[in-house]
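[1] coordinates only, sequence not included:
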């Protein structure tokens, strides 16, 4: 837990430093007669953030020195496995949407998630994996006229478009 | 009566078939969302906001407000039947709802919760109706200096009343404000903080992306980690005789309802407080004023009524500053505000003048939503009991798909979907380490207003900072803000346990 606290605090400190650095692209000082410049708001707020995160970091660091080894884990090993599973499958799905499109990636995600991670039966898994994309297609593409990304599967949809629009 | 005339006009709009239809649908969906553990009003509104593009803005807001309402009713269902709150706002309902269910009186508890919710919702809507127009009139006199001071005041309530670690609250507020500056500088028009010139950041970070990330993906990760054991569903059957018995038992809870309604409404108006602390406080008040305090925690009907009355009253209360001042009273109303801005309806006093039919249509829809929520709630209890048996993986998988698709559709950029995944994972880690998420969302929504009003006020005063103190209304706000800012310090010095939060770990969504 402590290590996680320290790591997150360090990350946030880095982030606020990054913000400050980039805020200086615009004037951060006082423009005479007009108040602060375009970069001032993010710059000075990032500075406050840096100070506050620094406070959290120091507090955790002092705690680390005081009670060595008595910290409980951030997550249990079993929970971490589940979380990694979900997180990675989500990232993989989003990446896949770029390549093969939403209508292949989402059923694949459902198949994988429900069957492997959720341990559901084939009937439920297959039903959801088939019904969801159909519902999504009719709701977004047909009713709302919002086209989801299709990647290399785009040509397969052309007959459908001509049929529906 | 001016108000009654407005309200009548409002009903003429909210009772149109389309609006009534979306209202009933919204209440039902909200009840379901509230009942499912892991999903609350804020998650429901975040995930479903993108799909409301199908209907006109007024209907969309009525739909979202109905979800908000329904979720407040629905939260009690799993608190009572599963013993785990369906939403953080229903934590206090578990204290007595679960013991009642274990005694075989789940039906009575559900009726008490539904009726309490109805009373709390209705009383607070009446208060809302009376206060809205006068408050909007006062707010008409606000200039940029007052707006800035008010936003500042909203943030300091988190420090004084939020009950979270002060440093971490400051970090989250400031992070939200800085993230809100990503994109084009609104005065000079130059790009800022665009992360190595990624084109996706030029249009800024949408509040919707942050909300879907935190409350959609992040919440699912949180739920997956927390629910590693299978809770047991308590049976609940409701016959007509149960209904009669239920209403008879409620006679003793009139006081709990009255105090819950008032407490909930006023606590709900504060940005940092909201429905969760309001319901906990109402529970405490009901216990201390009850004639039989020893029964609390063992299955007292009043212990179910009080928090349920308060959380519904609070949800209406939090709508008041959002609609009249443009300052949301809770994360969910922050999302409603963001949605309204997206549809070109800028909440604030001008809305009452420019779009009266929208404002009063929304207010009148709250009355209707209450009636439908209590009826649908009682009628569909068997369905909700059944739906609580839905396997968690199915719910998680479908919500994640909705996050991906719903995150993509508003701007049709894959960039947003990646951001949602990143915010989801970051949000989970931050929440795990007790960083409060509500101030982050509110800061992102209010950030542009805060910066704009600060710079406008200073330009108007030709760079003279004293303008914030010299204007009486703005000066008062700043003084209160300063007081609230110093309060945690004073409390720390004197070790006063002013705000004992019974469930500090109950999460930040309210």
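    Arrived safely. Because the structure is predicted, anything quoted here is derived from the model rather than measured.
[2] residue B:442 touches residue B:331, doesn't it?
    Yes - between residue B:442 and residue B:331 there is a contact under Cβ atoms under 8 Å: 6.7 Å. For every residue, glycine as well, the C-beta is placed using N, CA and C.
[3] any idea which helix or strand comes after whichever helix in chain A runs longest?
    If you go by DSSP state H, chain A has its longest helix at helix A:40-66. Once helix A:40-66 ends, the next helix or strand along the chain (criterion: DSSP states H and E) is helix A:77-100.
[4] contacts for that following helix?
    For helix A:77-100, contacts defined as Cβ atoms under 8 Å, 6 or more residues apart in numbering or on different chains pick out A:75, A:104-106, A:108-109, A:112-113, A:117, A:149, A:151-153, B:217, B:220-221, B:224-225, B:228, B:396, B:400, B:404, B:414, B:417-418, B:421, B:424-425, B:428.
[5] go with 7 Å
    For helix A:77-100, contacts defined as Cβ atoms under 7 Å, 6 or more residues apart in numbering or on different chains pick out A:75, A:105, A:108-109, A:112-113, A:117, A:149, A:151-153, B:217, B:221, B:224-225, B:228, B:400, B:404, B:414, B:417-418, B:421, B:425.
[6] same question, stretch B:293-300
    B:95-96, B:99-100, B:103, B:287, B:290, B:292, B:303.
[7] got the residues you listed as a markdown table, with neighbour count columns?
    Shown next, in a markdown table, are the contacts of stretch B:293-300 (neighbours: other Cβ atoms under 10 Å in any protein chain shown):
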| residue | neighbour count |
| --- | --- |
| B:95 | 23 |
| B:96 | 29 |
| B:99 | 21 |
| B:100 | 24 |
| B:103 | 12 |
| B:287 | 21 |
| B:290 | 19 |
| B:292 | 10 |
| B:303 | 31 |
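[8] and the residues you listed, which is closest to chain A?
    Set against chain A, the nearest of those by Cβ to the nearest Cβ is residue B:95 (26.6 Å).
[9] next helix or strand past the longest helix seen in chain B?
    Identified as the longest helix of chain B according to DSSP H is helix B:106-140. Using DSSP H and E, the helix or strand that follows helix B:106-140 in sequence is helix B:144-161.
[10] for that following helix, packing partners?
    helix B:166-180, helix B:438-460, helix B:467-470, helix B:472-494 (3 or more Cβ pairs under 7 Å, 6 or more residues apart in numbering or on different chains; DSSP states H and E).
[11] redo these as a markdown table? Include mean pLDDT.
    Output for those, formatted as a markdown table (pLDDT from 0 to 100):
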| stretch | mean pLDDT |
| --- | --- |
| helix B:166-180 | 89 |
| helix B:438-460 | 85 |
| helix B:467-470 | 81 |
| helix B:472-494 | 80 |
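[12] go through those helices and name the closest to chain A.
    Of the helices and strands packed on helix B:144-161, the one closest to chain A (Cβ to the nearest Cβ) turns out to be helix B:438-460, at 2.9 Å.
[13] what's the closest one packed up against?
    Packed next to helix B:438-460, using 3+ Cβ pairs under 7 Å, 6+ apart, are strand A:35-36, helix B:144-161, helix B:166-180, helix B:207-211, helix B:331-342.
[14] now the angle from the longest one to helix B:106-140?
    So that's helix B:144-161. Counting by axes from the mean of the first three to the mean of the last three Cα atoms, to 10 degrees, helix B:144-161 lies at 150 degrees to helix B:106-140.
[15] quick one, helix B:144-161 and helix B:166-180 angle?
    Relative orientation of helix B:144-161 versus helix B:166-180 (the same axes, to 10 degrees): 140 degrees.
[16] any idea of the angle helix B:144-161 forms with helix B:472-494?
    Between helix B:144-161 and helix B:472-494, the angle comes out at 20 degrees (the same axes, to 10 degrees).
[17] quick check: the nearest residue to residue B:350 once chain neighbours are set aside vs residue B:13, distance?
    In this structure, residue B:350 finds its nearest non-sequential neighbour in residue B:140, 7.6 Å apart by Cβ to Cβ, 6 or more residues apart in numbering or on different chains. Per Cβ to Cβ, to the nearest Å, residue B:140 is found 23 Å from residue B:13.
[18] now do residue B:227
    In this view, residue B:227 and residue B:13 are 42 Å apart by Cβ to Cβ.
[19] which of these two has more neighbours?
    Neighbour count, other Cβ atoms under 10 Å in any protein chain shown: between residue B:227 and residue B:13, residue B:13 has more, with 18 against 14.
[20] ok, the more buried one touching residue B:361?
    Yes - judged on Cβ atoms under 7 Å, residue B:13 makes contact with residue B:361 at a distance of 3.6 Å.
[21] what's the closest residue to residue B:14 other than its chain neighbours in contact with, if anything?
    Nearest residue to residue B:14, sequence neighbours excluded (Cβ to Cβ, 6+ apart): residue B:365, at 3.9 Å. Going by Cβ under 7 Å, 6+ apart, residue B:365 touches B:14, B:19, B:23, B:62, B:65.
[22] output these as a markdown table; include the columns neighbour count.
    Shown next, in a markdown table, are the contacts of residue B:365 (neighbours: other Cβ under 10 Å):
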| residue | neighbour count |
| --- | --- |
| B:14 | 25 |
| B:19 | 23 |
| B:23 | 26 |
| B:62 | 31 |
| B:65 | 27 |
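[23] next step: those residues restricted to strands.
    Using DSSP state E, the subset of the contacts of residue B:365 located in strands is empty.
[24] now, among the residues you listed, which is nearest to residue B:265?
    Distance to residue B:265 across the contacts of residue B:365 (Cβ to Cβ) is lowest for residue B:65, with 15.9 Å.
[25] I figured the closest one hits residue B:362, correct?
    Yes - counting by Cβ under 7 Å, residue B:362 is a contact partner of residue B:65 at 6.4 Å.
[26] and residue A:27, how many residues sit next to it?
    With other Cβ under 10 Å as criterion, residue A:27 counts 16.
[27] quick one: residue B:281 from residue B:161, how far?
    11 Å.
[28] neighbour count winner among these two?
    Between residue B:281 and residue B:161, counting by other Cβ under 10 Å, residue B:281 is the more crowded of the two (24 against 20).
[29] just checking the distance from the longest helix of chain B to the centre of its chain.
    When C-alpha coordinates are averaged (Cα atoms, centre = their mean, to the nearest Å), helix B:106-140 and its chain have centres 14 Å apart.
[30] which ones are touching residue B:54?
    So residue B:54 contacts A:143-144 (Cβ under 7 Å, 6+ apart).
[31] let's see 6 Å
    residue A:144 (Cβ atoms under 6 Å, 6 or more residues apart in numbering or on different chains).
[32] give me the phi and psi for residue B:262.
    For residue B:262, the backbone dihedrals are phi -70, psi -50 (criterion: degrees, to the nearest 10).
[33] elements contacting the longest helix of chain B?
    On a contact count with 3 or more Cβ pairs under 6 Å, 6 or more residues apart in numbering or on different chains; DSSP states H and E, helix B:106-140 meets helix B:57-81, helix B:91-102, helix B:240-249, helix B:254-269, helix B:301-325, helix B:349-354, helix B:356-379.
[34] return the most buried member of these.
    Of all the helices and strands packed on helix B:106-140, helix B:301-325 carries the top mean neighbour count, a mean of 32, counting by mean count of other Cβ atoms under 10 Å in any protein chain shown.
[35] what about the chain, any weak spots by pLDDT?
    The chain I'm using is chain A. Residues of chain A that meet the criterion pLDDT under 70 lie in A:31-35, A:67-72.
[36] my bad, chain B
    Counting by pLDDT under 70, chain B has low-confidence residues at B:1, B:162, B:186-187, B:189, B:194-200, B:228-240, B:492-510.
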